[in-house]
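Enquirer: just need the structure, nothing else, for what follows:
(chains A and B)
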Amino acid sequence: MPGVLTALHDSLGATIFYFVLSPALKIAILLILVLTLIAYTTFAERKILGFLQVRTGPNRVGPWGVLQPLADVAKLLVKQDIIPDRAVRWVFVIAPCLVVGPALVIFSVIPFGPSAELSGAFNWFITDVNVGLLFVVAMATVGVYGIILGGWASNNKFSLLGGLRSAAQMISYEVPQGFALVVPLLMAGTLSLTGIVDAQFDQGRWFVFGFFPFGLLAFFIYFVAGVAESNRNPFDLPEAESELVAGFHTEYSGMRFALFFLGEYANMIVISAVAVTLFLGGWHRPFANVEALSFLDLGFLPGGMSSFVWFTLKLLCFLFVYIWFRGTFPRYRFDQLMDLGWKWMIPASLIAVSGTALVKILLA
Amino acid sequence: MTDHEPDSNPQPETLFGVEEMELNFGPQHPATHGVLRLKLTIDGERINDCYPIIGYLHRGTEKLFELHPFFQNVPHTDRMDYVAAATNNLAYVGAVEKLLGMTVPPRARYIRTLLSELQRISSHLLWLATHAIDIGAMTPFFYTFREREQILDMFEEYCGARLTLNCMRPGGQPFDLPVGWVEKVGAFNEAFPEKVDEYEGLLTENRIWKKRTVGIGILPPEVALDYGVTGPMLRGSGIQWDIRKAMPYEAYDEVDFDVPVSYNCDTYDRYLVRMEEMRQSVRIIRQCLEKLPDGPIMAKRPRVLKGPKDSDVYHSVEGPKGEIGFYIVGDGTPNPYRCRVRPPSFYNIEVLPEMVRGGLIADLIAVIGTTDIVLGEVDR
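Expert: Residues are numbered from 1 along each chain as shown, chains lettered A, B, ... in the order given. Okay, here's the model as predicted:
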């Protein structure tokens, strides 16, 4: 592989290679990886829920049902795509893209592994923006438009109620989430995501354990708000099946529905990936500074691969928790959700931020 | 169909001239448990008024009763409350027996008691499953269906059917218990309380579950009495009324059991009452299995059952959802002259608007779940 890359580098020239070909390749690889991960998250969800609920889950397509996601995709692709007569067509069409687009864009700044000088081969991320954290927050906010607009444009009262719920929910939960993100930012002193991971390595601890208990508190708030942001159980009010039929995507069918679905799972993965990066040491193995545990480096894997493996493992733990939630909790009521957000999470996140700042000043 | 206009509440004066929205909830909606249609007047998510519209499952069952001889009518009762066929059968055959003055042999009475208590458990399991999944807890659904399957298997072994049992006849039981059935029921019965603990472990102390049910769908006792509400709904409102105790039928006066009552009148209390009822059913089944007498299972009866001229009778039993009663008029022919059914769901659904007014849409879902309606029985 490196040989091919060198040949391409020589024949195309450095400019095209570094600014066009290399990012394009990375984006393609990342998209394939992420989309596969999404497809198999749905499969894992069904299998794990099956395990929790004394049943088997999908087991017909392929051995142990492993080809089920492919069958689902094929079905969704060929399904009739219905746009209701009185819907606002262009908004209706654009809404699913607004959900899935930003969620995928966020992956561009997530570091799956170290940069080139550390890994010796290439950067394990598409780009390292120096305001990476802000970029993540900004992009995550755009996603809510898709849901509101989709709910409104469908011209269905249930969709409208779903859209309204999600508007209120996402706005309320972005506040504590934003505050919670300030905590690792204060601890690291940088907005760059790779910078934050490096800071955790340098300080010798994951930020979830930093400035105890403020790091833990911030981590908890971030994750709960994240579950609410991605509309997952127990905060799945915008699509609450038993209440609003299917909420904002009641009128969507075929691939457009699949895009909403894709967006939801992409959001889950993004939120987990950001949590791993900010609070759980990113791509580093646990106790990265302890030499005695260096066997955890997985030295038998080729260059930089071990960091990717650790990152993915941590990510999968989060995804498991999401699915676990779904098997365990009933659904909150709309006003109780707002109460929880404004009366508990926001004050708690303010305590976390001010506590962290105070400790930081005292230590300095 | 004529749509009845809901009582229009005067619109509150607001700064922006807020308008109420009318929302047609059902008849095709995942949480209306069949084909219930509700006309809601909502302000945001708050329900100002609710008007249930029924009749989408009307099959003219009461008229059908008049067209068939007494013993052929039992299958019609299966199809009213289709998740609790045994108690429907029992109420109907009980009424016919009263009308014709038949005495049922003791073994048949015990078998009937066994079947109706198993049916009560299976109906409550279905209620718990749908109630929980409506509130968003998905897992209890599968747990309860695991046990419900076992009960349905036992029904299948007894009478060949799983839902529409048709398992009783005027005068006694059509079949004796199959070999090994008693042991099977006994084993299930002893294992079942642990399973109830399992469901309760998922829900009873769950903060979200309590938030969604405590104080929701308040049904004051006087309102419940005014509307003729019966069953766990009534007992959840603090009124100790259970036909099994008040007017014992079959073997209920020979077994020992408690009637759970709760006094907070809300959805959570009705949940607790039903959970306790399942445990009490286990007690009844245990005693029935111990005391099960030998002997005939069918009374001596004429080849053709004829209701005496100008006779009428009302007989009711405690179904899983409340009082299920049959009023039968005989005119000297093999067919009933008239058969009027008193289904518990029909009365329990009437009180729905009282319970949801002023609540949120999410509360409506919890309240529909807690009323435990079956539309087949409401519309007949």
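Enquirer: point me to the residue of chain B nearest chain A.
Expert: Of all residues in chain B, the one sitting closest to chain A is B:Gly136 (2.7 Å; Cβ to the nearest Cβ). To be clear about C-beta, it is placed using only N, CA and C from the backbone, and glycine gets the same treatment.
Enquirer: and that residue, how many neighbours?
Expert: 26 (other Cβ atoms under 10 Å in any protein chain shown).
Enquirer: contacting residues for it?
Expert: Counting by Cβ atoms under 8 Å, 6 or more residues apart in numbering or on different chains, B:Gly136 makes contact with A:233-234, A:236, A:240, A:242, A:329-332, B:208, B:212.
Enquirer: what's the neighbour count on residue 268?
Expert: Unless you meant another one, I'm taking chain A. Neighbour tally, A:Met268, other Cβ under 10 Å: 25.
Enquirer: meant chain B, my bad for not saying
Expert: 24.
Enquirer: confidence score at it?
Expert: Per-residue pLDDT puts B:Tyr268 at 91.
Enquirer: equivalent analysis for B:Phe346, please.
Expert: At B:Phe346, pLDDT is 90.
Enquirer: B:Val18 now?
Expert: 67.
Enquirer: quick one, what contacts the residue nearest to B:Met247 when sequence neighbours are not counted?
Expert: Leaving aside its sequence neighbours, B:Met247 sits nearest to B:Ser316 (Cβ to Cβ, 6 or more residues apart in numbering or on different chains; 7.7 Å). By Cβ under 8 Å, 6+ apart, the contact set of B:Ser316 is B:91, B:243, B:247, B:323-326, B:342.
Enquirer: re the thing from before, now the residue of chain B closest to chain A: phi and psi?
Expert: phi 110, psi -10 (degrees, to the nearest 10).
Enquirer: okay, now the unreliable bits of the chain?
Expert: By default, I'm working from chain A. A:1-2, A:116-122, A:238, A:240-242, A:292-295, A:298-304 (pLDDT under 70).
Enquirer: chain B was what I was after
Expert: B:1-18.
Enquirer: mind checking the longest helix of it?
Expert: helix B:106-134 (DSSP state H).
Enquirer: list the helices and strands it packs on?
Expert: For helix B:106-134, the elements it packs on are helix B:85-100, helix B:139-159, helix B:181-203, helix B:267-291, helix B:361-371, judged by 3 or more Cβ pairs under 8 Å, 6 or more residues apart in numbering or on different chains; DSSP states H and E.
Enquirer: try 7 Å
Expert: Where contact means 3 or more Cβ pairs under 7 Å, 6 or more residues apart in numbering or on different chains; DSSP states H and E, helix B:106-134 is packed against helix B:85-100, helix B:139-159, helix B:267-291, helix B:361-371.
Enquirer: can I get those helices in a markdown table with distance to chain A?
Expert: Shown next, in a markdown table, are these (distance: least, Cβ to the nearest Cβ, whole Å):
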| stretch | distance to chain A |
| --- | --- |
| helix B:85-100 | 26 |
| helix B:139-159 | 4 |
| helix B:267-291 | 12 |
| helix B:361-371 | 4 |
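Enquirer: as CSV, those with distance to B:Ala224 would be great.
Expert: As requested, these are exported to CSV (distance: least, Cβ to Cβ, whole Å):
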stretch, distance to B:Ala224
helix B:85-100, 21
helix B:139-159, 26
helix B:267-291, 11
helix B:361-371, 11
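Enquirer: now tabulate the contacts of B:Gly136 in a markdown table and tack on secondary structure.
Expert: A markdown table is the format used below for these (DSSP: H, G, I helix; E, B strand; the rest coil):
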| residue | secondary structure |
| --- | --- |
| A:Asn233 | coil |
| A:Pro234 | coil |
| A:Asp236 | coil |
| A:Ala240 | coil |
| A:Ser242 | helix |
| A:Phe329 | coil |
| A:Pro330 | coil |
| A:Arg331 | coil |
| A:Tyr332 | coil |
| B:Ile208 | helix |
| B:Arg212 | helix |
